[in-house]
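Novice: the following comprises the amino acid sequence and a computationally predicted model.
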Amino acid sequence: MLKIVVLVSGGGTNLQAIIDGIQDGLITNTEIAGVISNNKKAYALERAAQNGIKNICISPRDYDSRAGFDEELLRTINRFQPDLIVLAGFLVVISPAMIAAYQNRIINIHPSLIPAFCGTGYYGLKVHEAALERGVKIVGATVHFVDEGTDTGPIILQKAVAVAPLDTPETLQRRVMEEAEWKILARAINLIANEKLSIKDGKVIFE
Ligand code: GRF
C-alpha cells in the first residue's frame, strides 16, 4: 500500500482528483495518510476533513524563521511516514533537507508542458497569462519528480490541451486542470503505487 502525504495551498481540486481516483478505483494500492497546507484558509483542508483525512496547517507566519518552518514541515511529514509526497498546488519552495530526505519520492503537478512556462515565478494563473501572452496554441500539464531545481526533475506524464480563441487565463486554467492536471496526477500516483515506473539516467522509464 503506497502511503502518501499531499501538500496543498489552495482550492484542492488536484487533491480532490486523488481522493476521487482512490474512491473510483482509478488509483489502487494507495492511501492518503495526511494533507498539509501552508495556508489555513485553503479549501483543500476542508476537502480533506470532508473525507475523514487527517489534515494540518503549518503556516510560515507562525515561525520566526524560514528554517524553523521548514524543520517543522519536515518533522510533520516524517510523522506520517509517507512513501510518496505529492505537491498538489503547493506554493512553498521545498527545502534541500526535504529533497534529500525524500529523493525521488516527491512529485509535483505543474500547469504547463515543461520546459515551457515553468521555473521561478511561473505558478497558478501566471502560467496561463504567459501562455496567452506568447500566443501558443497548445498548453497542458506535467507531473514530474521534484529535485533541487524548480520544475526541473524527471518528467513522469504530460497531457496537452488546445488553447481556444476566446480563452482568458481563467478559462484556460480551468480547462488545463479538468482535462490534464487531474487526470495525469491520478495516473502518475497509480503508476508509482503499482511500481510501473522507475528512473534511469535521470529519465522516467515505464516497466
Ligand atoms: C492551480 O493553479 C493548478 O493549476 C496548480 O495549482 C493551483 C491550485 O490547484 N497545480 P488546486 O485546485 O489547489 O489543486
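Specialist: That came in fine, so what should we check first?
Novice: so which residues on the protein come close to the ligand?
Specialist: 8, 10-15, 44, 88-89, 109, 111, 124, 173, 177, 181 (CB under 6 Å from any ligand atom). Just so you know, the C-beta spots here come from the backbone N, C-alpha and C atoms, and that holds for glycine as well.
Novice: what about those residues, which one has the most neighbours?
Specialist: residue 15 (30 neighbours; other CB atoms under 10 Å).
Novice: which SSE is that residue in?
Specialist: Here residue 15, judged by DSSP states H and E, is contained in helix 13-24.
Novice: what's the angle from the helix or strand just after that helix to helix 13-24?
Specialist: Counting by DSSP H and E, the next helix or strand C-terminal to helix 13-24 is strand 30-37. Between strand 30-37 and helix 13-24, the angle comes out at 160 degrees (axes from the mean of the first three to the mean of the last three CA atoms, to 10 degrees).
Novice: flag the shaky bits of this structure, pLDDT-wise.
Specialist: Scanning the chain for pLDDT under 70 picks out nothing.
Novice: start and end of stretch 163-171, how far apart?
Specialist: The straight-line separation of the ends of stretch 163-171 (CA to CA, to the nearest Å) is 10 Å.
Novice: list the buried ones in it?
Specialist: Neighbour-count burial for stretch 163-171, with 16 or more other CB atoms under 10 Å as criterion, is recorded at 163, 167, 169.
Novice: nearest spatial neighbour of the last one, skipping sequence neighbours?
Specialist: What it means is residue 169. The spatially closest residue to residue 169, leaving aside those adjacent along the chain, is residue 128, at 4.1 Å (CB to CB, 6 or more residues apart in numbering).
Novice: backbone dihedrals for that neighbour, both of them.
Specialist: Here is the backbone geometry of residue 128 (degrees, to the nearest 10): phi -80, psi -30.
Novice: burial measure for it, as a count.
Specialist: 25.
Novice: mind listing what it touches?
Specialist: The contact partners of residue 128, by CB atoms under 8 Å, 6 or more residues apart in numbering, come to 111, 139, 169, 170, 172, 173, 176.
Novice: same question for residue 23.
Specialist: By CB under 8 Å, 6+ apart, no residues touch residue 23.
Novice: so what's residue 80 up against?
Specialist: Residue 80 neighbours (CB under 8 Å, 6+ apart): 3, 5, 33, 34, 54.
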